Structures are given as C-alpha cells and as structure tokens.
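Engineer: need a structure here:
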Amino acid sequence: MILVADGLHNLLGGFAVGYAYVIDIRLGVVTWLVAAAHEVPQEIGDFGILVHSGWRKGPALVCNMLSASTILVGSVVAYLISAELNVVALLPFAAGNFLYIALAVLFRELTTGRAPHERVVLTVGVAVGLALLLGVATINSRPLV
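Structural biologist: Residues are numbered from 1 along each chain as shown. Below is the predicted model of the structure:
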C-alpha cells in the first residue's frame, strides 16, 4: 500500500516539476529542488517502513526506487502534454494539492497529544518555512509568464 501511494504521490509531484519547467526554467529548478528536499527523507522513511515490516533490504530498495521513479514519468508526461494543454493553469492546482497535504500533516502533528515544547518547536519550524517562502517570493517577484 505504501508503494502504490508513494508512486502516485511521486507521479503528481513529477507533473508539478514538469509543468514548472515548461513555464520557466528557474521555476523548474526551484520546484525540482523543493521536491528533492521533500522526497529524500520520505523515501528513506518508506524504505525503513518496508524493512521494519519484514521486507529484505534488496527487494525493499528496488521496489522503493521503482515507486520513486514515477516522478520522472510524471515530469516527462507533463512536458509532452504541454504542447496540447495550457499547463500554466495546472501548476496552481498541483501547488494547492501539495499545500493541502503538507498542512493536513503539519496541523495533525501540531494538534495531537504532543508535549507543549514539541508543539512550540513544530510551530516555529512551520513559521520559519513560511517566512522562507515569503522571502523567496519577494526576491523573485518578477512575473514568470
């Protein structure tokens, strides 16, 4: 189940990366870097879950890599269909999906039975991340399209 969900998640992420490259190469590079920063720890965690649930390391690594490679499929598909579709309209949709997933996970972590100091650390982390996003948006405020 984790491999199928991760494969679909990576496919959608690939769409976002591909759309971003079509719109502007700088946006594509930033989107790819953000996706990589998100995916590396997630894939390590997925590998750990597979091994902990009884998989041998070799098959777990191969299956996890196959699941992760759907990001490339999504990127290529997005690039190929960009000639037929207005991908500018699809990028905000992809960004909205990522925000929903991130916020659903973050807010669940902030509201579960954690110690108060852990909630403060998580809240500060979210605030710093949002401040970084605002800073990058302010620095690169030139319209991309």
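
Engineer: Please count neighbours and contacts with C-alpha atoms only from this point.
Structural biologist: OK.

Engineer: Now stretch 138-145: average pLDDT?
Structural biologist: Average pLDDT, stretch 138-145: 62.

Engineer: for the residue lying closest to Val29 once chain neighbours are set aside, what are its contacts?
Structural biologist: Spatial nearest neighbour of Val29, excluding adjacent residues (CA to CA, 6 or more residues apart in numbering): Tyr21 at 7.3 Å. Listed by CA atoms under 8 Å, 6 or more residues apart in numbering, the contact set of Tyr21 reads 27-29, 79.

Engineer: Might you calculate how far the lengthiest helix in the chain sits from the centre of the chain?
Structural biologist: Ordering each helix of the chain by length in residues (DSSP state H) puts helix 25-52 first. Helix 25-52 sits 7 Å away from the centroid of its parent chain (CA atoms, centre = their mean, to the nearest Å).

Engineer: Name the residues of the host helix or strand of the residue nearest to Val29 that are buried.
Structural biologist: Per DSSP states H and E, Tyr21 falls inside helix 2-23. Within helix 2-23, the residues that count as buried by 16 or more other CA atoms under 10 Å are 3, 6-23.

Engineer: So what's the model's average confidence on it?
Structural biologist: Averaging pLDDT along helix 2-23 gives 88.

Engineer: Listing request: residues of the protein with sub-threshold pLDDT.
Structural biologist: Where the chain drops to pLDDT under 70, the residues are 87, 89-91, 97, 113, 137, 140-145.
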